[in-house]
Every structure is written in C-alpha cells, then in structure tokens.
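> next comes the sequence, and after it the predicted model I'd like to discuss.
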Amino acid sequence: MIVVLRPDATKKEIDHIIERIKQLGLSVHISKGKERTILGAIGDESILEEHPIDMLPGIEKVMPILKPYKLVSREFQKEDSIINVDGIKIGGKQIQVIAGPCSVETREILINTAQRIKKAGAKFLRGGAFKPRTSPYAFQGLGEEGLLFLLEAKKKTGLPIVTELLDPRDTEVVYEYADIIQIGARNMQNFRLLTEVGKLDKPVLLKRGLSATIKEFLMSAEYIASQGNRKIILCERGIRTFETAVRNTLDLSAVPVLKEETHLPVFIDPSHAVGRWDMVAPLAKAAIAVGADGLMIEVHSDPENALCDGSQSLKPSKFDKLMKELKKVAIAVGRTM
Ligand code: PEP
Ligand code: MN
C-alpha cells in the first residue's frame, strides 16, 4: 500500500499516521521528497480493508498494491483455466457457442430450436426455466417443467444444458438438470447465491451486472472461487450507459482487460447487449476478434411469438449463416470453432 501525504501534512499528523500503520501490523517505509512525503505500508495490506486509514488527517491518497481478488487473478494462476464439460473444452483454442431461446416455452419450440442450433454447430443449449423478469406480470418461466424439457432436448441432441439459477432455494433442482449453472446479471452481487454455487462441483456462467465495474465482476467471481468452485466462466452482456440507441452498451474492452486480469474463460452475450436481432451478428464477430473464448446467443424457432426477448432472438436459419461467418473470424485470429 502506498500512502501519499498532503503537502501541508504536519509532523504531528505524519507521526500519527506512521503509528497507526504500525499498530495494524504493517511496517512503514518513509520516502521524503522535496514537496511531500510518501509512505510505503509493507505487509498484509488486506487489514486496511477492515481498518481503512484514508480519512486520517494529512493523507491525500491511499493506493493499494495488491488486487482485491486473488484466486481468480492472473497473478495467482498464469495459465488460462480450461473448463471441461462433457468433453467440451471451454477456455482453450476452440471458441464455444451456447445458443437457444431466452426462456423454455414449449417442448416443441425447445426441441426444434435445439436440433437446429446443434446442426449449425452450437455446443450448448441455453434456456431459462426460472426467469428474472422486470415486470411481475411477464412470463416467469416454467420452473421444473422447463428443466424437464431441457433434459429431453439434451437427450435428443446431446447438447449440455446452460440454465439460470435465480434463487438459492432452487439450487437443488437446477443442479440436478444443469450442466452449467447460469447466474444472471441481476444476481451478480447476490452474495448468498454466489456462496451457494461456490460450494457446488458444477461450472458456473457468471454474467456481468448491469452497472458493475470489472473489479466488482471479478470480486463476484472471487466469491464463488473462495468457496471451492473454480469452474467459472465470465460473461459480458452489455452494461448501462447514457446511450439509448441499443438495449445496453456492449463493453468489448472488458474482454482484453479480463484476459489480462484473470485466468478464467470470457464469453460475450451480444443478444442481451444489443437487444435486437439484426445487430447480433456484427457484435458476435467483434467478440471473437477481440479475444472472447465463446458466445451466448439467443435463438428461437419462432421469435415473433416468443414469450421473452423475441426481438433479439435469431431465427435458426440466420444463426446457421452467422456460425459459418464466425468460423472465418475465429480462424483469422488463430482460434478454431
Ligand atoms: C439470460 O441470459 O437469460 C438473461 C436473463 O440475461 P441477463 O442476466 O444477462 O440479463
Ligand atoms: Mn433473454
């Protein structure tokens, strides 16, 4: 921790700051310049999270040296984490695509969509059975019945299931059916839920919160990892900005930043980011070009009549075309698909 003192800090104030840092079990390295003094607080600086010193008189700025996230950081693990789900490797050279409807609606739509995305090359089937809807009057999902349909679609296509866990009380039932448990944007900082999935032995796809910073995103991943579950996939899905032309603003720069900060695989969900089907393709291509390890794309066999997010869902034929284009982008950046 580096402590920058104010130019007008008095000797009495400086002595008190040094005494306080020592009291907290850290040693102090004093660097006296012409204009001002800088202190280096050496030792386990995490103590300063519980006992902050930045409000002490005479201090201008306190700058931590260590990252607040540890297990998920690149410092902790240099090599990329590769998560193996039914023999499909997430986080390696191959780009993986998760596709399917926003929510599980009917058996027929789900199975039809699953068969089409499988044919197009998707490796995972997505679909929400428990839906986080803004309105309490909107379709809330089929619950366990939806999970049963997902299982049937998996049996027919072989595609592993990605589905959202909305509430800690549904952990057992979602665990039973899901191959990857999704934690949605709205729950990114539901710390009880993160702790719960942290105790499980199944991979977790953690979506970035609507207004979460990258640091907060990684701290949420750290919550999961701290409980023992290191199989975490991060998913950027657009954040709230002043821009209203599209549903959210896709933060493409989050990909290289995350790749530098963490060893975890990074996915992009262009569908929830842009909110309209006709702009999913360019963002999906950009995501691969910028270094994402995979994509989550909403596909529905009948988007016009979808109960949720129809306007951003691709028809299977459009998805098929996109997958062919994405393959070329993947190869251009040294990946496979
Ligand atoms: C979803 O993927 O179904 C979803 C609700 O996305 P998000 O949590 O990113 O809004
Ligand atoms: Mn959706």
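Here it is on my side, so go on. Keep in mind that this is a model prediction, so the values were computed, not measured. Ligands and ions are numbered 1, 2, ... in the order given.
> now the residue in the stretch 151-300 of the chain positioned nearest to ligand 1: phi and psi?
Closest residue of the stretch 151-300 of the chain to ligand 1, C-beta to the nearest ligand atom: Gly184 (3.0 Å). Heads up, the C-betas are built off the backbone N, CA and C, glycines and all. Here is the backbone geometry of Gly184 (degrees, to the nearest 10): phi -80, psi 170.
> dump the residue contacts of Ile297.
By C-beta atoms under 8 Å, 6 or more residues apart in numbering, the contact list for Ile297 reads Val97, Ile98, Ala99, Ala122, Asp269, Pro270, Ser271, Val280, Ala284, Leu314, Phe319, Leu322.
> tell me what it is bridged to.
Assessed by DSSP bridges, Ile297 has beta-bridge partners Ala99.
> same check on Thr262?
In beta-bridge terms (that is, DSSP bridges), Thr262 pairs with Ser73.
> what does Ile38 give?
Bridge pairing for Ile38 - DSSP bridges - gives Val4, Ser31.
> tell me, how many residues neighbour it?
16 (other C-beta atoms under 10 Å).
> before we move on, back to that, pLDDT, neighbour count and distance to ligand 1 added to the contacts of Ile297, as JSON lines?
JSON lines is the format used below for the contacts of Ile297 (pLDDT from 0 to 100; neighbours: other C-beta atoms under 10 Å; distance: C-beta to the nearest ligand atom, whole Å):
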{"residue": "Val97", "pLDDT": "98", "neighbour count": "24", "distance to ligand 1": "14"}
{"residue": "Ile98", "pLDDT": "98", "neighbour count": "27", "distance to ligand 1": "9"}
{"residue": "Ala99", "pLDDT": "98", "neighbour count": "32", "distance to ligand 1": "11"}
{"residue": "Ala122", "pLDDT": "98", "neighbour count": "26", "distance to ligand 1": "15"}
{"residue": "Asp269", "pLDDT": "98", "neighbour count": "30", "distance to ligand 1": "6"}
{"residue": "Pro270", "pLDDT": "98", "neighbour count": "28", "distance to ligand 1": "11"}
{"residue": "Ser271", "pLDDT": "98", "neighbour count": "29", "distance to ligand 1": "8"}
{"residue": "Val280", "pLDDT": "98", "neighbour count": "26", "distance to ligand 1": "13"}
{"residue": "Ala284", "pLDDT": "98", "neighbour count": "28", "distance to ligand 1": "15"}
{"residue": "Leu314", "pLDDT": "98", "neighbour count": "24", "distance to ligand 1": "14"}
{"residue": "Phe319", "pLDDT": "98", "neighbour count": "28", "distance to ligand 1": "16"}
{"residue": "Leu322", "pLDDT": "98", "neighbour count": "23", "distance to ligand 1": "18"}
